[in-house]
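with the input below, show me the fold.
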Amino acid sequence: MNTTTPRVFIAATRQNDGKTTTSLGLIAALQKYFPNVGYIKPVGQRFVEIEEQKIDEDTVLMDAVFKLNCPLVDMSPIAVEPDFTRKYLEAAKNDTLVRRIKKAFDRVAWEKDFVLCEGSGHAGVGSVFDLSNAQVAKHLGCKTIIVSRGGIGKPIDEVALNQALFEKEGVEIIGVIINKVLEDKVDYITEFARRGLKRKGLELLGVIPNQPILTQPQLDLVREELKAQVLNQPTSLNNLVEDVVVGAMGAQNAARFFKRGVLLITPGDREDIVLAAAAAIEANPKDRMAGIVLTGGLKPSASVMKVIREIPIPVLLAQEDSYQVASTVHDLTVKTRPKDVEKISLIRDLIANNVNVKKIVESL
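Numbering: from 1, shown residues only. Below you'll find the predicted structure:
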C-alpha cells in the first residue's frame, strides 16, 4: 500500500458534530499547500446509488465540489447496507475488507499530493465488523484529527474516550477542532478548552463559531424527506427553512407568522390559511416565506389550486398529518449538498479563518 503520500484521518466524538463540514473546509485550505488533494471515505453509512454502485453521500459532495478526478467507487469502497453487519457476523472476512480499503486508497492517492480520509463517527464506530475508525486509521497509516461540538467539559470528556481507542490502535492524534461554538463564547471556549486538552496531551487546532445557516434545510430536502408532491412551479426549491410554523389557528392569527424563512405547515383543507398566505406573499414579495406544506394528503379545491399555482414559493402536498410533518422537518439531518453554494463558500471561510491549517501540515 502507498505509504508516502501525506494523509490525515478526520474523526468526530459523535454523529453530526461537523466532520464533513470540517473535511470540506480542510480540503479547500490544504490546496494552498498541496495542489492535488484526494479524498476517501473508507466506510460510509449514508449512501446513494450511482450507476448501480452504492456511494457515500459525502463522497458525492466532495467530488462535485472539488472535481477530484477519481472513480467514486474508490473514494467510497465500503457502504454499510442494512444487512451488512449481519452478513459479516455470519462469515467474517475482515482481510477482504481491509484489502479493499487499501487498494481503494492507492487508487485515490495516485498522482495526489495529499489525501484526506473521512471517518464515519466516533473512534469506535464500525467495531462490530472490525473496522472501527481507529482501526481504519491504523490500516491506512493516518494521523488523526478529532472534531467535537462546542463546550468545554463534555467535548473534552468525549475526546478522552476517543483518544483512548486511537492510542490503543497506535494512531497519533494531531489535535482537536471544536465546532458549533456560540459566537460570543469563542474566546472563552478557546482559552479553557486549550487548557483542558493540554492536560490530556492534546492540542487545540481551532474553534469554529456556530453558523445557523449550516443547519437550515432547503425546501428540496424537505420535499425529499416527506416524499411530497410539488403543487406549483416555484422559482426555486433552494429556499432555506429558518423557522417552522404549524397553521392550526384562524387565518387572521396565522398571518403574523408569515415571515421570511418560515415554512408553513397546515392541513390541505385549511383554505383560509392558504389564501391568507398567498395574499401576504403578494403584498410583501421581499419578505416571502420559505414554503408551504399542505398535510393529510388533502388537495384544496380547484379555485384555491388556481391561486396556489401562481404562488412563487414552493407549495408541497404531504400525505402525513401536520404533527408528523412538523416532527419530520424538526428531526431532519441537514447535510451540505453540492448545490448549497452559499453554505460551501461559508464553510471554506470558516475553516480558513478559524483552524490552524499550517500546524496540521507541519504535524504531517
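
what's the single longest strand in this structure?
strand 173-181 (DSSP state E).

what's in contact with that strand?
With contact meaning C-beta atoms under 8 Å, 6 or more residues apart in numbering, strand 173-181 is reached by 8, 17-18, 21-22, 143-151, 155, 159, 163, 166-167, 189, 193, 197, 202-210, 355, 359-360, 363-364. (Glycine included, C-beta is placed from N, CA and C.)

what about 6 Å?
17-18, 22, 143-150, 155, 159, 166, 189, 193, 197, 202-210, 363 (C-beta atoms under 6 Å, 6 or more residues apart in numbering).

in its sheet, what does it sit against?
strand 143-149 (parallel), strand 204-209 (parallel) (DSSP bridges).

buried residues, the shortest one. List them.
Think strand 204-209. For strand 204-209, a neighbour-count test (16 or more other C-beta atoms under 10 Å) marks 204, 205, 206, 207, 208, 209 as buried.

tell me the one of those residues nearest residue 105?
residue 205 (23.5 Å; C-beta to C-beta).

ok, now which ones touch that closest one?
175, 177, 355, 356.

most neighbours among those residues, which one?
residue 177 (28 neighbours; other C-beta atoms under 10 Å).

show me the beta-bridge partners of that one.
residue 147, residue 206.

I'd like the distance between it and residue 196.
Applying C-beta to C-beta, to the nearest Å, the value for residue 177 to residue 196 is 14 Å.

buried only: go through the contacts of strand 173-181 for me.
17-18, 22, 143-150, 155, 159, 166, 189, 193, 197, 202, 204-210, 363.

returning to that earlier point: how about the strands paired with strand 173-181 in JSON lines, adding distance to residue 266 and mean pLDDT?
Shown next, in JSON lines, are these (distance: least, C-beta to C-beta, whole Å; pLDDT from 0 to 100):
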{"stretch": "strand 143-149", "distance to residue 266": "34", "mean pLDDT": "97"}
{"stretch": "strand 204-209", "distance to residue 266": "35", "mean pLDDT": "97"}
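
can I get these in CSV with distance to residue 316?
Listed next are the strands paired with strand 173-181 as CSV, based on distance: least, C-beta to C-beta, whole Å:
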stretch, distance to residue 316
strand 143-149, 31
strand 204-209, 33
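
closest one to residue 331 among those strands?
It is, among the strands paired with strand 173-181 and with distance given as C-beta to C-beta, strand 143-149, at 17.7 Å.

hey, C-alpha coordinates of the closest one in PDB?
Extracted in PDB, the C-alpha atoms of strand 143-149 (Å, rounded to 0.1, in the frame of the first residue of the first chain):
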ATOM      1  CA  LYS A 143      -2.600  10.600  11.900                       C
ATOM      2  CA  THR A 144      -6.000  11.800  13.200                       C
ATOM      3  CA  ILE A 145      -7.900  15.000  13.900                       C
ATOM      4  CA  ILE A 146     -10.900  14.700  16.200                       C
ATOM      5  CA  VAL A 147     -13.900  17.100  15.700                       C
ATOM      6  CA  SER A 148     -16.100  17.800  18.700                       C
ATOM      7  CA  ARG A 149     -19.100  20.000  19.500                       C
END
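
packing partners for the next helix or strand after that strand?
As assigned by DSSP states H and E, the chain's next helix or strand after strand 143-149 is helix 153-168. Applying 3 or more C-beta pairs under 6 Å, 6 or more residues apart in numbering; DSSP states H and E, we find helix 153-168 packed against strand 143-149, strand 173-181.

list the buried ones in helix 153-168?
Buried, per 16+ other C-beta under 10 Å, within helix 153-168: 155, 156, 158, 159, 162, 163, 165, 166.

looking at the residues you listed, which is nearest residue 234?
Comparing the buried residues of helix 153-168 against residue 234 with C-beta to C-beta picks out residue 155 as the nearest, at 40.3 Å.

domains of the protein?
Split into domains by automatic domain parsing, the chain comes to 7-212+336-363, 217-330.

redo these as a markdown table? Include distance to residue 1.
Formatted as a markdown table, the domains of the chain follow (distance: least, C-beta to C-beta, whole Å):
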| stretch | distance to residue 1 |
| --- | --- |
| domain 7-212+336-363 | 4 |
| domain 217-330 | 38 |
